[in-house]
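> Sharing a model prediction with you, sequence too.
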Amino acid sequence: MSGQMSQSLVKQNLVSGMRPTGKLHIGHYLGVLRNWVQLQNSEKYNCFFFIADWHSLTTKISEETELESNIIEVARDFLACGLDPNKSTIYVQSAIPEIAELHLLLSMITPNNWAERDPTLKDLVRAAANSKKKILVDSVAPSDQNEHKGSLDMAPPVKEAGEVTKTDGEKSNLTYGMLGYPVLQTSDILTFRGYFVPVGKDQEAHLEMSRDIANRFNYLFETDFFPEPKPLFTETPTVKGTDGGKMSKSFNNDIKISATEEETWLQVKKMITDTQRIKRTDPGDTDRCLVPFTYYKIFAEPEVINKTKLECETALRGCMDCKKLLAEVINNYFKEIREKRQLFSDAEILSILEEGNLKAQSKAKETLKKVRELMQIPDWKS
Ligand code: TRP
């Protein structure tokens, strides 16, 4: 099954993952899920979609039952939005130990300075520092750093970490796991010999590193076993948060895919409009409307968009009424998906994931068998 011929006959593998942050918001839908579903339905690829729960541990040690329920909710959103276990392999990263094994093996051939150059490291450090349960003791305020008290129920600090902290707080909060983030991501992809990887532009540097690692592996072990993974960037409108900033659960400025009509309205109600339109009778300007009109442009039909613009600019419609209509537009847009969400019990979701895990495991085992052979790791019969 190698060589040019089979390449053109066999569908290429496509791999992508998402961290289990809990119920997903409409930004995830527009930026990721909608695209995954289209790729799946194009029937041009062998699709592998997974929940990257190990990756979520790089910045956030989960509290009690949180991780499992977050995984279930993310999977429920996947299914409701149209991912189909009969068309795609849908699984959970932590169910595939081969990914961790490949991560370890690839770490042996990945230069440290490649990992250190990752431009998202700072964001990981910041996110970890802001998480409730601290991963490193030095994540607390500098004045507390020698006393190791407060919420520090984790392991003691790294020896001499304090010295680094004094000059560079961020550096001492950098874990080995954070540095390994893109190596783990590479393992996610290469375990399934992923050729295409649909991701946002923010993942560009990670994908570049995945290609470098794949090439280095192929070079060192004189093989062409691993493909050079190629990003498929999604061109999507970014939905702003209700406050005009980046939409994020942690800013409470998001609208969940799963929100009820009432919850959607409460979020829309908060949106900032044209701040120069003081009185109801003042004509507005949709270009100055900070949030709602940007949503109309994404979710409404063209006639509705035009009518909204006209009625705003002639003061025929007030901002409150406009927001009420917008909530309806959004609720309509997500109506079917929200109904579909109700169809799956937790038990059904878990069993769908278990089936996906099994399919993924058998592929992963094949890959690792070959990798061990190439790296001349003895084949131990257990
Ligand atoms: N790092 C990705 C993100 O934050 C998630 C991810 C983990 C991923 N492993 C992956 C994406 C493998 C694509 C392929 O969005």
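Cool, got the structure.

> Report the buried residues of stretch 22-34.
Buried residues in stretch 22-34, counted by 16 or more other CB atoms under 10 Å: Gly22, Lys23, Leu24, His25, Ile26, Gly27, His28, Tyr29, Leu30, Gly31, Val32, Leu33. The way it works is simple: take the backbone N, C-alpha and C, and place the C-beta from them, glycine included.

> brain fart, stretch 365-377
Thr367, Leu368, Val371, Leu374.

> Identify the residues contacting that stretch?
Contact partners of stretch 365-377, identified using CB atoms under 8 Å, 6 or more residues apart in numbering, comprise Glu98, Glu101, Leu102, Leu105, Leu190, Thr191, Phe192, Arg193, Phe221, Thr223, Phe225, Asp379.

> Out of those residues, the closest to Leu14 would be?
Nearest to Leu14 among the contacts of stretch 365-377: Phe192, at 8.9 Å, using CB to CB.

> What residues does the closest one make contact with?
Asn13, Val15, Phe48, Ala360, Lys363, Ala364, Thr367 are the contacts of Phe192 under CB under 8 Å, 6+ apart.

> sorry, back to before: which members of the contacts of stretch 365-377 are positioned in helices?
For these, membership in helices holds for Glu98, Glu101, Leu102, Leu105, Leu190, Thr191, with DSSP state H as the criterion.

> Of the contacts of stretch 365-377, which qualify as buried by neighbour count?
Applying 16+ other CB under 10 Å to the contacts of stretch 365-377 flags Glu98, Glu101, Leu102, Leu105, Leu190, Thr191, Phe192, Arg193, Phe225 as buried.

> now the strands for this protein?
12-18, 45-51, 89-92, 196-199, 230-233 (DSSP state E).

> Any idea which of the ones you listed gets closest to the ligand?
Nearest to the ligand, of all the strands of the chain, is strand 12-18, at 3.8 Å by CB to the nearest ligand atom.

> about what we covered before: could you dump the buried residues of stretch 365-377 to a markdown table with pLDDT and distance to Thr186?
Shown next, in a markdown table, are these (pLDDT from 0 to 100; distance: CB to CB, whole Å):
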| residue | pLDDT | distance to Thr186 |
| --- | --- | --- |
| Thr367 | 98 | 13 |
| Leu368 | 98 | 14 |
| Val371 | 98 | 13 |
| Leu374 | 98 | 16 |
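
> and the residues you listed as a markdown table, adding distance to Lys249?
Below are the buried residues of stretch 365-377 laid out as a markdown table (distance: CB to CB, whole Å):
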| residue | distance to Lys249 |
| --- | --- |
| Thr367 | 34 |
| Leu368 | 35 |
| Val371 | 37 |
| Leu374 | 42 |
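
> re earlier: in the buried residues of stretch 22-34, find the pair that's most separated.
Comparing all pairs in the buried residues of stretch 22-34 by CB to CB, the longest separation belongs to Gly22 and Leu30, at 17.9 Å.

> ok so, going back, what two of the contacts of stretch 365-377 have the greatest distance between them?
Phe192 and Asp379 (21.6 Å).

> give me the subset of the contacts of Phe192 touching the ligand.
Restricting these to those near the ligand by CB under 6 Å from any ligand atom leaves Val15.

> before we move on, the earlier item: distance to Leu353, mean pLDDT and mean neighbour count added to the strands of the chain, as a markdown table?
Output for the strands of the chain, formatted as a markdown table (distance: least, CB to CB, whole Å; pLDDT from 0 to 100; neighbours: other CB atoms under 10 Å):
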| stretch | distance to Leu353 | mean pLDDT | mean neighbour count |
| --- | --- | --- | --- |
| strand 12-18 | 13 | 98 | 21 |
| strand 45-51 | 8 | 98 | 24 |
| strand 89-92 | 6 | 98 | 24 |
| strand 196-199 | 20 | 97 | 22 |
| strand 230-233 | 24 | 94 | 15 |
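
> before we move on, the earlier item: nearest to Ile349 among the contacts of stretch 365-377?
Distances from Ile349 to those, taken by CB to CB, are shortest for Phe192, at 21.7 Å.

> distance of Phe221 from the ligand?
22 Å (CB to the nearest ligand atom, to the nearest Å).

> where does the stretch 151-300 of the chain have low pLDDT?
Residue ranges of the stretch 151-300 of the chain with pLDDT under 70: 151-171.

> who in it is up against the ligand?
Checking the stretch 151-300 of the chain against the ligand by CB under 6 Å from any ligand atom, the hits are Gln185, Asp188, Ile189, Val197, Val199, Gln203.

> thought the first one was touching Thr58?
To tie it back to what came earlier, the one meant is Gln185. No - Gln185 is beyond contact range of Thr58, at 10.4 Å (criterion: CB atoms under 8 Å).

> Between those two, which has more neighbouring residues?
Neighbours were counted for Gln185 and for Thr58 using other CB atoms under 10 Å; Gln185 has more, 25 against 21.

> Spatially nearest residue to the more buried one (excluding sequence neighbours)?
Spatial nearest neighbour of Gln185, chain neighbours left out: His206 (5.3 Å); criterion: CB to CB, 6 or more residues apart in numbering.

> what does Leu24 give?
Leu24 sits nearest to Asp77 (CB to CB, 6+ apart), 4.4 Å away.

> Look through this protein and tell me its longest helix.
Secondary structure of the chain per DSSP H: the longest helix is helix 346-374.

> angle of that helix against strand 12-18?
Relative orientation of helix 346-374 versus strand 12-18 (axes from the mean of the first three to the mean of the last three CA atoms, to 10 degrees): 120 degrees.

> This completes my enquiry, with thanks.
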